[in-house]
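1. here is my input, please return the structure:
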Amino acid sequence: SPGFATRATGVVAGLRLSTRPEEVLQASLEAIAYRFELIHRLLEPHMAAGARVIASGGALIGSPYWLQVMADVLQRPVTVCAEPEATSRGVAVLALRALCVWQRLDAVPAALGATYHPDAERGKIYSAALERQATLYDQLDQSLITEARWMVQQLERRDGTGETDALVIASIREHSAYYP
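-> Numbering: from 1, shown residues only. All right, here's what the predicted structure looks like:
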């Protein structure tokens, strides 16, 4: 996922006492859709004209609501893959193409199901929410950089001459994605 910080911690922002569990679930599904949108932005310049978004995976295709959220966030139609083992089929298709058994990846089209069409108004709302999430993500990333620097400073103030302190400082500097 673009910009994914593997050592980042999670955060749920905006909770109130009145927040219901289904709202937390909705926010989780939307957050995943936002990450797909970031991937889509990177892939879009390389996509063929008329390329379609085909959805697979039990969780996604088992939720018409989530499929609609995906279409609204991506602002593209999302079509369900009706193949029972879509990932296995995809691997087989790539292997057959690599072996020159098939000349094209679409030589035998996959079975498709329902298509979910984007709603432009919801798309605008999701676009603004994605920008808010990106800002929050950047703030979290910056707070982790600040925390890593603080940890190094605290260890150095202790004198940093102990073997354990020196190893911790070196490790933070060398391996932390948050220590520039």
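2. how many neighbours does Thr79 have?
-> 19 (other CB atoms under 10 Å). For glycine as for every other residue, the C-beta is placed from the backbone atoms N, C-alpha and C.
3. how far off centre is the helix or strand where it lies?
-> Element membership of Thr79, judged by DSSP states H and E, is strand 78-81. Relative to its chain's centre, strand 78-81 lies at 18 Å (CA atoms, centre = their mean, to the nearest Å).
4. show me what that strand is packed up against.
-> strand 53-55, helix 64-74, strand 112-116 (3 or more CB pairs under 8 Å, 6 or more residues apart in numbering; DSSP states H and E).
5. show the pLDDT at Tyr179.
-> pLDDT, Tyr179: 50.
6. show me what Cys81 bridges to in the sheet.
-> Beta-bridge partners recorded for Cys81 (DSSP bridges): Leu112.
7. list the contacts for it?
-> Ile54, Ala55, Ser56, Ile61, Ala110, Ala111, Leu112, Gly113 (CB atoms under 8 Å, 6 or more residues apart in numbering).
8. kindly reformat those as TSV containing neighbour count and pLDDT.
-> Below are those laid out as TSV (neighbours: other CB atoms under 10 Å; pLDDT from 0 to 100):
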residue	neighbour count	pLDDT
Ile54	17	93
Ala55	21	94
Ser56	16	93
Ile61	17	92
Ala110	15	90
Ala111	11	93
Leu112	14	95
Gly113	13	96
